[in-house]
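**Student:** Attaching a predicted model along with its sequence, questions to come.
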Amino acid sequence: MTFAVPHNRTAVITIDRPAARNAITPEMASRIEEYWDRIEADDSVWVGIITGTGPVFCAGADLKRMAGEGGGPAGTERGGFAGIADRVRTKPLIAAVNGPAVAGGCEIVLAADLVVAVPRASFGLPEVKRSLVAAAGGLYHTPRALPRNLAMEMALTGDPVSAERAFTHGLVNVLAEEDRLLDEALSLSDRICANAPLAVRESRRVLLEGMALDEHAARSLAAESMSWIRTTEDFAEGPRAFVEKRAPQWSGR
């Protein structure tokens, strides 16, 4: 596992266990949770990216490790699978998918806010092939990210969906060339980081929470969020920068 802040307020978490198809162990899950704790606590970091090394993004949990000595759940109490699938977050997460993302690997992708993927990537929930259930988010996040029947196809057949098909149906935001994956993910992050960070976090929160509300409650949630944003320093900076015809200098306050 590696953690880096390469440039422009973006931190990158890299799953680096290619010989084991980047399968997640309990220790790796704890490390990812620790990395995201650092991202949430660091005011200089506004966006996180998670990616993998080698030909596979993540094959899910390390089943061999779970079945042998030192086994245990490949998750954490707060974060769920891989320390991130169920994590309550305030900052955006981009999944940069370098290859197949299956089982828990697919559930990491589904937990992300945005997805960049190479053409050879694929997304699958093969749990039914092993008499398991995709309980780390696959069965309730997939129908929110994809059309119902495509989500049902993934859940019942266990067969993967190609990156191109996922792009067509909106799960993937950007299809990137093999050698441009991280560059494209960082470019997407740059587009986010050009905006006021508190407004970005509030917009993310209201969008996600609003999906579970009726229109009246969602409207009230958005109004409350806007009332709070009006109290921040950046609320004054946005119009000021527009009038002065310059790029805004966001403080995150």
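**Tutor:** Good, I have the coordinates. Numbering: from 1, shown residues only.

**Student:** Go ahead and confirm residue 45 touches residue 36.
**Tutor:** No. Residue 45 is beyond contact range of residue 36, at 10.3 Å (criterion: Cβ atoms under 8 Å). C-beta coordinates here come from the backbone N, C-alpha and C atoms, glycine included.

**Student:** Which one's more surrounded, these two?
**Tutor:** More crowded of residue 45 and residue 36, by other Cβ atoms under 10 Å: residue 36, with 23 against 17.

**Student:** where along the stretch 101-250 of the chain do the strands fall?
**Tutor:** 101-102, 114-117, 122-124, 161-162, 174-175 (DSSP state E, counting those that start in this stretch).

**Student:** other SSEs contacting the first one?
**Tutor:** Using 3 or more Cβ pairs under 8 Å, 6 or more residues apart in numbering; DSSP states H and E as the contact test, the elements touching strand 101-102 are strand 122-124.

**Student:** For the strand it packs on, name the packing helices and strands.
**Tutor:** For strand 122-124, the packing partners by 3+ Cβ pairs under 8 Å, 6+ apart come out as strand 101-102, helix 104-111, strand 161-162, helix 163-168.

**Student:** swap the cut-off to 7 Å and go again
**Tutor:** Contact here means 3 or more Cβ pairs under 7 Å, 6 or more residues apart in numbering; DSSP states H and E; on that basis strand 122-124 packs against helix 104-111, strand 161-162.

**Student:** Please enumerate residues in contact with it?
**Tutor:** 100-102, 106, 109, 154, 158-163, 166, 171 (Cβ atoms under 7 Å, 6 or more residues apart in numbering).

**Student:** try stretch 137-145
**Tutor:** With contact meaning Cβ under 7 Å, 6+ apart, stretch 137-145 is reached by 85, 86, 106, 107, 110, 111, 125, 133, 151, 154, 155, 171.

**Student:** From residue 109, how far out is the last one?
**Tutor:** Which is residue 171. From residue 171 across to residue 109, the span is 8 Å (Cβ to Cβ, to the nearest Å).

**Student:** Look up how far residue 136 lies from residue 12.
**Tutor:** Separation of residue 12 from residue 136 (Cβ to Cβ) stands at 22 Å.

**Student:** pretty sure residue 49 is in a helix, no?
**Tutor:** No. Residue 49: not assigned to a helix; according to DSSP: H, G, I helix; E, B strand; the rest coil it is strand.

**Student:** quick one, what contacts it?
**Tutor:** Residues near residue 49 by Cβ under 7 Å, 6+ apart: 10, 12, 13, 94, 96, 185, 189.

**Student:** give me that answer again for 10 Å
**Tutor:** Listed by Cβ atoms under 10 Å, 6 or more residues apart in numbering, the contact set of residue 49 reads 4, 6, 10-14, 92-96, 112, 114, 116, 182, 185-186, 188-189.

**Student:** And for residue 206?
**Tutor:** Counting by Cβ under 10 Å, 6+ apart, residue 206 touches 213, 218, 221, 222, 223, 224, 225, 226.

**Student:** Next up, the contacts around the last one.
**Tutor:** This points to residue 226. Residue 226 neighbours (Cβ under 10 Å, 6+ apart): 199, 202, 206, 235.

**Student:** Show me which pair in those is furthest apart.
**Tutor:** Distance extremes for these: the farthest pair is 206 and 235 at 15.8 Å, using Cβ to Cβ.
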